[in-house]
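Asker: structure of the sequence below:
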Amino acid sequence: MSRLLYKRTFGAFGDGTVIVRPHALRRPQQIFIGSGGAIFEDVWLQCENDDSRITIGDRANFARCVAISSTDPVTLGDDCLMGFGSLITSGDHDRVDRHLTGATGPVTIGDSVFIGQGAIVLGGVTIGDGASIGANAVVTRDVAAGDTVVGIPARSTRT
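Answerer: Down below sits the predicted model:
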């Protein structure tokens, strides 16, 4: 049913992908979603301007209340898992007029990345394939492939 409803709305909407009752879709023609994914209730996908773009790979799985806000491009690879209430954003609010947003750099997330519940990924960050982001972590720097990061700001668990 999702494919029928969203096929003409999104920039791309892959076969077998399901979106269940999204909270907000802003500029969906600039959102490209791969096949075989599951995006659950109250997800917020928004492109802030004409140059914004969200690209989600195949077999992505988003828990409830995930938010992605794109000022600069946001790209997620295949087989990514997004935990409840996690946030990815490539923009920030202006310090004088909080209604205005500015770009903070593109976000690139590799294949098979796990982003834990309540985690935040900020603009200008690249997360390598197979990385894990702990619950409630705030990612402000690049994460190496296969690494696990936790905390605020997120730091590697490797010693």
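Asker: quick one: contacts for T140?
Answerer: The contact partners of T140, by CB atoms under 8 Å, 6 or more residues apart in numbering, come to 122, 125, 153-154. Yep, even glycine has a C-beta here, placed from its N, CA and C like the rest.
Asker: quick one: C80 from V96, how far?
Answerer: Taking CB to CB, to the nearest Å as the measure, C80 falls 35 Å from V96.
Asker: between those two, who's got more neighbours?
Answerer: For C80 versus V96, the count of surrounding residues by other CB atoms under 10 Å is larger for C80: 23 against 6.
Asker: what sits against the more buried one?
Answerer: 56-57, 60-61, 109, 111-115.
Asker: all helices of the chain, in order?
Answerer: In the chain, the helices defined using DSSP state H lie at 2-6.
Asker: low pLDDT regions in it?
Answerer: 1-5, 159 (pLDDT under 70).
Asker: what about S69, how many residues nearby?
Answerer: When neighbours are defined as other CB under 10 Å, S69 has 23 of them.
Asker: ok, now how distant is the residue lying closest to it once chain neighbours are set aside from V74?
Answerer: Residue nearest to S69 in three dimensions, not counting chain neighbours: T89, with 4.4 Å by CB to CB, 6 or more residues apart in numbering. Plainly put, T89 is 8 Å away from V74 if you go by CB to CB.
Asker: thank you kindly, that will do.
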